[in-house]
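just a sequence and a predicted model for now, questions to come.
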Amino acid sequence: MLEYCYRRREMIDRLRGNHLRTVLEKMAAWFHERGRGRTALARRRLQAVAAFGDWLRSQGVSLRSVTAEKAEQFLGHHATQNTASSGICSTFAAAVRQAVSMHRRQFLLPCPAWNPHERELAAYAEHQRQRRGVGEVTIGLCVRYLRPFFRYAFGPGPVRLAALTPRRVEIYVLSQLERYRPKTVQSKVAGALRSYFAFKAMDDATARPLLAAIPRLRLPRPCLSPSILSDEDLSKLWSAFDRHTATGRRGYALVRCLTDLAMRIGDVVGLRLDDLRWREGLIRVQNRKNAAPAWLPLPKTTGKALADYIRHGRPASDSRLVFVNHRPGTAALSVSAVLACLRSAYRRQNLHPRCSGAHILRHTAATRMRRAGVSLKEMADVLGHRSVRTTALYAQIDLPALRAVAQPWPGGQP
């Protein structure tokens, strides 16, 4: 598996002689499955795990004695011996902790957390995953904003909500306005705290006043979603791909999924061959944001684009993913590669800089459905929204229809 990340035989042999060689092989395969096998990040993390393995060997620690506490000892040793930047240290910490998790699953070791905060976050994440069906992306985002709150509220000690006052919660949320935009504070920082306190309120009554103390920021609610692509712009975008080439077929099929089905870019990248039912005309959208996959009708144009790519453009691969990397060494197509493909198409059709990402295509698809007479509930099912209020923000008002019924302004020009 290390061949997925390295070409030099001496480097591969050196890593295979490491104390944690099994973990290194698994981590290399983990990066390869996500299309990151040849990236600098993958190699930095593998080198961090290799350094951890060398330290374990120097300390005489057996494989079955590798625990989270040993990882923390190594990270403390590394911090004192290394004067690298905080970015390198965070990479080391993430890689070492991932290695401990992989190693623990291999030997079925108990699951101690390396500090009280991580233990609490692990319990919260497991509840969100198993009981509420929240997607990994959303869980990761909430955990990201909960970690600094735990450091602010509890320091390095255990999480005790009884020692936390509603006023401190309010002060913390408002203090984040100095760091983030109000919309980010409202939707992400405060949203993560609401989710966590609601989780604790099921068993701990002291969490209820803390939940009520989270301030709600008044934000202007837009009546229109961000700019969308007109039908002419969409035709330009579709024609930006040369469907006589393999990469052109792939790009066209990708854009068809984004514009016809309003799929998120992560769901398109993760689309699998098993998610397509050709005879029934169905496609399964995983909806990784809230872990609620749904079978949707497969539009004829989208199905043709997918079939053309799979039959005539997709290279031979053992991967079950629909969209794969056409370069040797990596299988999965990364999100960054899809974004680069879209930006290149925008530039070729003079749609840049008004269009730069994939989310505008999701808004465009929602608006087109609305103009076609699709109800908000049906649109919410396609978009994977739990609330139709969220869906209403995705679909713009049908301005052409309003112009057709507009009355002349009194006193204006005839």
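It's in.

what ranges do the helices span in the stretch 101-250 of the chain?
116-130, 136-154, 166-175, 182-184, 190-201, 207-213, 231-238, 246-260 (DSSP state H, counting those that start in this stretch).

just how off-centre is the fifth one within its chain?
Here the centre of mass of C-alpha atoms in helix 190-201, compared against the chain's by CA atoms, centre = their mean, to the nearest Å, lies 20 Å away.

same question, the second one
From the chain centre to the centre of helix 136-154 is a distance of 15 Å (CA atoms, centre = their mean).

about what we covered before: could you dump the helices of the stretch 101-250 of the chain to a markdown table with distance to I283 and mean pLDDT?
Where C-beta positions appear, they are placed from N, C-alpha and C, glycine not excepted. Listed next are those as a markdown table, based on distance: least, CB to CB, whole Å; pLDDT from 0 to 100:
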| stretch | distance to I283 | mean pLDDT |
| --- | --- | --- |
| helix 116-130 | 25 | 87 |
| helix 136-154 | 20 | 88 |
| helix 166-175 | 40 | 95 |
| helix 182-184 | 32 | 89 |
| helix 190-201 | 30 | 95 |
| helix 207-213 | 39 | 94 |
| helix 231-238 | 19 | 93 |
| helix 246-260 | 8 | 95 |
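
Q73 is nearest to which of these?
In terms of CB to CB, the element of the helices of the stretch 101-250 of the chain nearest to Q73 is helix 116-130, at 15.6 Å.

from L254, how far off is the residue nearest in space to the middle of the chain?
Geometric centre of the chain, nearest residue: V137, 4.3 Å, by CA atoms, centre = their mean. For V137, the distance to L254 equals 19 Å [CB to CB, to the nearest Å].

what's the answer for N325, then?
In this structure, N325 and L254 are 13 Å apart, going by CB to CB.

on that earlier part again, ranking the helices of the stretch 101-250 of the chain by burial, who's on top?
Mean neighbour count (mean count of other CB atoms under 10 Å) peaks for helix 246-260 among the helices of the stretch 101-250 of the chain, with a mean of 23.

give me the distance from that helix to the chain's centre.
Counting by CA atoms, centre = their mean, helix 246-260 comes out at 21 Å from the chain centroid.

now swap in stretch 47-57 and tell me
29 Å.

hmm, who's touching it?
14-15, 18-21, 23-24, 27, 66, 70-71, 74, 77-78, 91-92, 95-96, 98-99 (CB atoms under 8 Å, 6 or more residues apart in numbering).

then stretch 260-275?
With contacts defined as CB under 8 Å, 6+ apart, stretch 260-275 is touched by 137, 254, 257-258, 283-289, 296, 299, 301-302, 310, 320-323, 332-335, 338-339, 358, 361-362, 365-366, 369, 382-384.

this protein: strands as residue ranges?
Here the chain has its strands, by DSSP state E, at 276-277, 282-285, 294-297.

mind putting those into CSV with distance to R218?
Below are these laid out as CSV (distance: least, CB to CB, whole Å):
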stretch, distance to R218
strand 276-277, 45
strand 282-285, 34
strand 294-297, 34
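
mean pLDDT added to those, as JSON lines?
Formatted as JSON lines, the strands of the chain follow (pLDDT from 0 to 100):
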{"stretch": "strand 276-277", "mean pLDDT": "95"}
{"stretch": "strand 282-285", "mean pLDDT": "94"}
{"stretch": "strand 294-297", "mean pLDDT": "91"}
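
highest average neighbour count across the ones you listed?
Mean neighbours per residue, mean count of other CB under 10 Å, is largest over the strands of the chain for strand 282-285, with a mean of 20.

for that strand, give me every contacting residue.
261, 263, 267, 271, 274-277, 293-298, 302, 384.

mind doing that once more with 7 Å?
If you take CB atoms under 7 Å, 6 or more residues apart in numbering as the criterion, strand 282-285 is touched by 261, 263, 267, 275-276, 293-298, 384.

could you pick out the buried ones from the contacts of stretch 47-57?
15, 18-20, 23-24, 27, 66, 70-71, 74, 78, 91-92, 95-96, 98-99 (16 or more other CB atoms under 10 Å).

narrow those to those in helices?
Judged by DSSP state H, the subset of these located in helices is 15, 23-24, 27, 70-71, 74, 78, 91-92, 95-96, 98-99.

nearest to R218 among these?
Checking these against R218 by CB to CB gives T91 as the nearest, at 39.0 Å.

how near is that closest one to R368?
T91 is 43 Å from R368, by CB to CB.

S101 now?
Using CB to CB, we find S101 at a distance of 43 Å from R368.

ok, Q73 next?
Going from Q73 to R368 by CB to CB gives 57 Å.

which of those two has more neighbours?
Between Q73 and R368, counted using other CB atoms under 10 Å, the more crowded position is R368 (19 against 15).

could I get the pLDDT score of that one?
Turning to R368, the model gives it a pLDDT of 88.

what's the answer for the one 5 residues further on, then?
In the prediction, the pLDDT value recorded for G373 is 85.

for the one 4 residues further on, same thing?
Per-residue confidence (pLDDT) for K377: 87.

now it: closest residue in space that isn't a chain neighbour?
Among residues not flanking K377 along the chain, V388 sits closest, at 6.1 Å (CB to CB, 6 or more residues apart in numbering).

show me what contacts that neighbour?
Here V388 is in contact with 376-377, 380 (CB under 7 Å, 6+ apart).

my guess is S356 contacts S344. True?
No - here S356 does not reach S344: they are 11.4 Å apart, not a contact under CB atoms under 7 Å.

domain ranges for this protein?
What automatic domain parsing lists as the domains of the chain is 2-114, 128-213, 231-401.

could you dump those into TSV and include distance to P220?
Supplementary listing: the domains of the chain in TSV, determined by distance: least, CB to CB, whole Å:
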stretch	distance to P220
domain 2-114	35
domain 128-213	10
domain 231-401	12
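
ok, which of the ones you listed comes nearest A122?
Across the domains of the chain, closest to A122 is domain 2-114 (CB to CB), at 5.8 Å.

contacting residues for the nearest residue to P158 once chain neighbours are set aside?
Leaving aside its chain neighbours, P158 sits nearest to P116 (4.1 Å; criterion: CB to CB, 6+ apart). Contacts for P116 (CB under 7 Å, 6+ apart) come out as 157-159.

and P116, how far is that from T67?
P116 sits 16 Å away from T67, going by CB to CB.

one more: A340?
41 Å.

more neighbours: the two, which one.
Legend: neighbour count by other CB under 10 Å for A340 and T67, higher for T67 (18 against 11).

list phi and psi for the more buried one.
Main-chain torsions, T67, degrees, to the nearest 10: phi -130, psi 180.
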